[in-house]
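Colleague: Could you work out the structure for the sequence below:
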Amino acid sequence: MKDSTTIFKLVFPTIITIAGLIAVYMAIANDQNWQFKLAAFAVLLTGVLYFFNTLKAVSKNIQIGLTAVLVTLAFVLAALDYRSIKDPIDFMDERKKRDEHIVQRLKDIRSCELAYKAVKGAYTNNFDTLLYFVKNDSFPVIKAIGDRPDTLSEEQAIEMGIIHRDTFMVSVSDSIFSDYQLSKRTVPFYFDSIPYIPWGGAEKITLNAGEIERNNTKVKVFEAFMPYSVVFSDWNSHYYNKLNDQKVGSMSEPSTSGNWGE
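Modeller: Numbers count the residues shown, from 1 in each chain. Here you go, the predicted structure:
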């Protein structure tokens, strides 16, 4: 009877020990993080401790000490496991917010560069030059003056003298950063912040400009680039080291698109 009772008491520690062995195997075979591996060994150690306790193989003081260690370890692992799950979620939420600011900042630079090229015939790699242009220069805009009948094209109406064209100068700043355009934005707009990396302190966005040859033709190009290592310098690099840094334009292709897809 005593032997059967002992065997019955060994069922629970056996289950725990087997579970611990399986967890250790999975942790090693699947290259889990160190918190998971430590938790697996803790489960295995708990099962072994139950065996010792059931067989009365260790003193009561040792049992109490080991139990206290395991309970403490369990709480620590629970906290670490919680952080290992929560931190990536927090990072993705933060990344979504910061990406919105990053993309908008690069779009603003693109708008400034396209306006600069439209007037100057080339892009610039100097932010001071670019911002001075946007603040102080103007676009020539051609408008048709007069009422064109629906039955005539604009060219026909001009030939008949019904309407005529005139050139007006429009402020670059009012054109690309009008109140209407700014009202549709989801992030704040600060003109003097355009050269700087969001959340990057005083770190400036890298701005390049030049020309490349395509089909025996010289093509003007520019590129504005900001690394995630600066945008997320207050985060562990583990979260962003595999992400592509954000940029708009290209120094190797005649493109003004951003690598976020537009």
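Colleague: where's P227 relative to V187, distance?
Modeller: According to Cβ to Cβ, to the nearest Å, P227 and V187 sit 20 Å apart. The C-beta positions use only the backbone N, C-alpha and C, and glycine is treated the same way.
Colleague: For these two, work out which one has more neighbours and name it.
Modeller: Taking neighbours as other Cβ atoms under 10 Å, P227 and V187 compare with P227 leading, 18 against 13.
Colleague: right, and that one touches D245 too?
Modeller: Yes - between P227 and D245 there is a contact at 4.5 Å, judged by Cβ atoms under 8 Å.
Colleague: what about the helices in the stretch 101-250 of the chain?
Modeller: 127-136, 154-159, 172-176, 179-183, 228-231 (DSSP state H, counting those that start in this stretch).
Colleague: do you know which of the ones you listed lies nearest V43?
Modeller: V43 lies closest, by Cβ to Cβ, to one member of the helices of the stretch 101-250 of the chain: helix 228-231, at 37.3 Å.
Colleague: can you give me the strands for the protein?
Modeller: 138-145, 164-171, 206-214, 217-226, 246-249 (DSSP state E).
Colleague: The fourth one packs against which elements?
Modeller: I take that to be strand 217-226. Strand 217-226 makes packing contacts with helix 60-120, strand 206-214, strand 246-249 when contacts are defined by 3 or more Cβ pairs under 8 Å, 6 or more residues apart in numbering; DSSP states H and E.
Colleague: now swap in the first one and tell me
Modeller: Judged by 3+ Cβ pairs under 8 Å, 6+ apart, the packing partners of strand 138-145 are helix 60-120, helix 154-159, strand 164-171, helix 172-176.
Colleague: so how far is the shortest one from its chain's centroid?
Modeller: Which is helix 172-176. Counting by Cα atoms, centre = their mean, to the nearest Å, helix 172-176 is centred 29 Å from the centre of its parent chain.
Colleague: Quick check: P149 touching M160?
Modeller: No - counting by Cβ under 8 Å, P149 sits too far from M160 to count as a contact (9.4 Å).
Colleague: so how far is K184 from the residue at minimal distance from the centre of the chain?
Modeller: Nearest residue to the geometric centre of the chain (Cα atoms, centre = their mean): R95, 4.2 Å. As judged by Cβ to Cβ, R95 and K184 stand 23 Å apart.
Colleague: contacting residues around L131?
Modeller: C112, F191, D192, I194, P195 (Cβ atoms under 8 Å, 6 or more residues apart in numbering).
Colleague: burial count for the first one?
Modeller: Applying other Cβ under 10 Å, we find 24 other residues in the vicinity of C112.
Colleague: ok, now the second one?
Modeller: Residue neighbour count, defined by other Cβ under 10 Å, stands at 12 for F191.
Colleague: Any figure for the gap between it and K184?
Modeller: For F191 relative to K184 (Cβ to Cβ), the value is 17 Å.
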